[in-house]
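Enquirer: let's see this in three dimensions:
(chains A, B and C)
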Amino acid sequence: MPELPEVENARTVLAQATGRVIAEIDDRDDWVCRPHRPGDIATALEGGTLTTARRIGKTMWCDTRTADGADGPALGVHLGMGGRIVVTDSGGERIGGGPARPDRQPRKTEWDRFTVAFADGGEFRLFDKRRLGRIRLDPDLSGLGPDAENMKPAEFRDRLAAGRSAVKARLLDQSVLAGVGNLLADETLWQARIDPRTPVRDLTRTDLDRLHRNLDRALERAIANGGVHTGEVIEHRHPGGHCPRCGTEMVHGTVGGRSTWWCPKEQE
DNA sequence: ACTCGTGTTAGCTG
DNA sequence: TCAGCTAACACGAG
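Expert: Next up, the predicted model:
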């Protein structure tokens, strides 16, 4: 599920975990918590509090304070392909995450990969069937480009146009800009009518500005509508799918190492 | 039964 | 150095 819009929603849920005293942490999943050893994260954070819930691209982290009021290590949270944040109140009820809707995910405790129990009785959990999510202390954010939201046109052009990769590969490169995933890239390129395979060096300034405007719009709409899966072209990304604008059959290929669908007529 | 995938990373190759 | 490929992680969906 998670690309920038989903992660931003998750961040608002995670924010519900701030300001509460950490009683106990279950960090026994040594794959999700690598390279830490079981107990490392618990030792570092138990007795303290999470003070913020921040995000760049698809990476979230909480700043922390120790029991005696000093700054603690940051707690990094990445959802991977399908992780979800669950925060409960002292009564065990889920909080955050917008309008209440029944949780369709069957819950199985072995899929809770990391749990913070608060002194008030509530919890913060990373629920992740595929175990591709990640928790770590003081995550390295230096490899991330600027968040894909709120980039200036010139900054977007300069960063995107460097190098000679296919434009989609560039959009997916988190060190160029952070937050665009596979679905959002396909949606944006379709909206902008640009072939995902186009080398960035062949894009004109006009192309880049149009791409940027469409990325902004796709992000805004995905956030408003509840996720990247609400994009216009997303439901047509399958064998036999047709371009919702012109009706041409969508074409499939691999670009930037990822499954890619585009309209061969409009995206040249 | 078998392939694919909304993500990331390490390691390898040209 | 850069760019592209592969494997690994684990499981559901088609």
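Enquirer: DNA strand B contacts on the stretch 101-250 of chain A?
Expert: A:130, A:132, A:143, A:172, A:174, A:181-183, A:227-229 (C-beta under 7 Å from any atom of the strand). Placement of C-beta: from N, CA and C, glycine included.
Enquirer: pick out the residue of the stretch 101-250 of chain A closest to DNA strand B.
Expert: A:G181 (1.9 Å; C-beta to the nearest atom of the strand).
Enquirer: distance of that residue from A:G256?
Expert: 11 Å (C-beta to C-beta, to the nearest Å).
Enquirer: which one of the two is surrounded by more residues?
Expert: For the pair A:G181 and A:G256, the greater number of neighbours falls to A:G181 (23 against 19), based on other C-beta atoms under 10 Å.
Enquirer: give me the residue from the stretch 1-150 of chain A nearest DNA strand C.
Expert: Nearest to DNA strand C in the stretch 1-150 of chain A, going by C-beta to the nearest atom of the strand, is A:R131, at a distance of 3.5 Å.
Enquirer: ugh, wrong one, chain A
Expert: A:G163 (2.5 Å).
Enquirer: picking up where we left off before, which SS state does the residue of the stretch 1-150 of chain A closest to DNA strand C fall under?
Expert: coil (DSSP: H, G, I helix; E, B strand; the rest coil).
Enquirer: what's the mean pLDDT across the helix or strand A:A218 falls within?
Expert: Secondary structure from DSSP states H and E places A:A218 in helix A:205-225. Mean pLDDT, helix A:205-225: 95.
Enquirer: what residues does the next helix or strand after it touch?
Expert: Note on helix A:205-225: by DSSP H and E, the next helix or strand toward the C-terminus is strand A:251-255. With contacts defined as C-beta atoms under 8 Å, 6 or more residues apart in numbering, strand A:251-255 is touched by A:166, A:168-169, A:196-197, A:239, A:259-264.
Enquirer: least confident pick among these?
Expert: Comparing the contacts of strand A:251-255 by pLDDT, A:P239 comes last, at 89.
Enquirer: what's the burial count for it?
Expert: 8.
Enquirer: okay, the residue located most distally from the centre of chain A: pLDDT?
Expert: Distance from the centre of chain A peaks at A:D68, with 32.8 Å (C-alpha atoms, centre = their mean). We have a pLDDT of 94 for A:D68.
Enquirer: kindly report the same for the one 10 residues further on.
Expert: In this prediction, A:H78 carries a pLDDT score of 94.
Enquirer: OK, contacts around A:L144?
Expert: Counted by C-beta under 8 Å, 6+ apart, A:L144 has contacts A:56-57, A:59, A:174-175, A:178.
Enquirer: bridged to the nearest residue to it once chain neighbours are set aside, which residues?
Expert: Closest residue to A:L144 apart from its sequence neighbours, by C-beta to C-beta, 6 or more residues apart in numbering: A:A178 at 4.4 Å. Counting by DSSP bridges, A:A178 is bridged to A:D147.
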